[in-house]
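Student: I would like to see how this sequence folds:
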Amino acid sequence: QVQLVESGGDLVQAGRSLRLSCEVLGPVGDVYDMAWYRQAPGKQRELVAKITEGGIPEFGDSVKGRFTCYRDDYKNAIYLQMYNLKPEDTGTYLCNAYVRQEFTFSSYPYWGQGTQVTVRA
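Tutor: Residues are numbered from 1 along each chain as shown. Below is the predicted model:
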């Protein structure tokens, strides 16, 4: 089965940096658009960043200028580099990817379990 495995979450002080990683594991044929979302208690799930199959990134308004996102297609991985973290960046960061499994024809969205980022003031 295809799985998305995130890592890199931590407890950090405001102003610090952190890098999150997400790898797509299993019988992968192709990986298309990938994205990072975050879920904070009492808030709606929010798109943080997404990156197309061609490597073009887009960012949510709240993180523009502070976060970067890139992918490594050899590793079927997406990375989120976060700079100048703020307390409002606190949340569970979830990886999402559209994946076509080997020997199939259709792609489907998959989600990771999430990695926790906590930013202290």
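Student: Look up how far Leu85 lies from the closest residue in space to Pro41 that isn't next to it in sequence.
Tutor: Once flanking residues are discounted, Pro41 sits nearest to Gly91: 8.0 Å by CB to CB, 6 or more residues apart in numbering. Heads up, the C-betas are built off the backbone N, CA and C, glycines and all. Using CB to CB, to the nearest Å, Gly91 is found at 11 Å from Leu85.
Student: hang on, the earlier thing: quick one: contacts for the residue nearest to Pro41?
Tutor: The contact partners of Gly91, taken as CB atoms under 8 Å, 6 or more residues apart in numbering, are 38-41, 43, 46, 116-117.
Student: re earlier: joint contacts of Gly91 and Leu85?
Tutor: Val117.
Student: ok, now how distant is the residue nearest to Pro41 from Gly112?
Tutor: Distance from Gly91 to Gly112, by CB to CB: 14 Å.
Student: follow-up on the earlier one: retrieve the pLDDT associated with the residue nearest to Pro41.
Tutor: As predicted, Gly91 sits at a pLDDT of 97.
Student: same question, Pro41
Tutor: 87.
Student: Got the phi and psi for it?
Tutor: phi -60, psi 130 (degrees, to the nearest 10).
Student: Same check on Glu88?
Tutor: phi -70, psi -10.
Student: and what of the one 4 residues further on?
Tutor: Per-residue torsions, Thr92: phi -90, psi 120 (degrees, to the nearest 10).
Student: hang on, isn't it packed against Gln116?
Tutor: Yes - Thr92 lies in contact with Gln116 (CB atoms under 8 Å); the separation is 5.5 Å.
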